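1. The amino acid sequence is not available; the structure is as follows:
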């Protein structure tokens, strides 16, 4: 039950990626969506409390930017 909202976020992210991908490839949107959401949740649970708000924001932004770059390279 507690994972239902997380699963919904993953599904929405995967649907968005599927709509943006123009060509067929071995790219799997659901796997990519799970990877980024779980990485962000893990970061928040394990590391964020140790950092000031601005530093946490910068690190999360960096994680997402790197993920988007990887997403672009994979598609």
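-> Nice, I can see it. Just so you know, these numbers come straight off a predicted model, no measurement behind them. Numbers count the residues shown, from 1 in each chain.

2. quick one, strands of the protein?
-> With DSSP state E as the definition, the chain shows no strands.

3. where does it have low pLDDT?
-> Applying pLDDT under 70 to the chain picks out residues 1, 22-24, 48, 74-75.

4. Which parts of it are helices?
-> 4-20, 29-46, 53-74 (DSSP state H).

5. helices or strands up against the shortest one?
-> Put plainly, it is helix 4-20. Using 3 or more CB pairs under 8 Å, 6 or more residues apart in numbering; DSSP states H and E, the elements in contact with helix 4-20 are helix 29-46. For the C-beta atoms, the positions are set from N, CA and C on the backbone; glycine is no exception.

6. can you pull the buried residues of the helix it packs on?
-> 29, 32-34, 36-37, 40 (16 or more other CB atoms under 10 Å).

7. cool, stretch 20-29 as well?
-> Those would be residue 29, for stretch 20-29 by 16+ other CB under 10 Å.

8. Just the endpoints, please. Distance across that stretch?
-> Its first and final residues considered, stretch 20-29 spans 10 Å by CA to CA, to the nearest Å.

9. Can you tell me how far residue 64 is from residue 37?
-> Distance, residue 64 to residue 37, using CB to CB, to the nearest Å: 11 Å.
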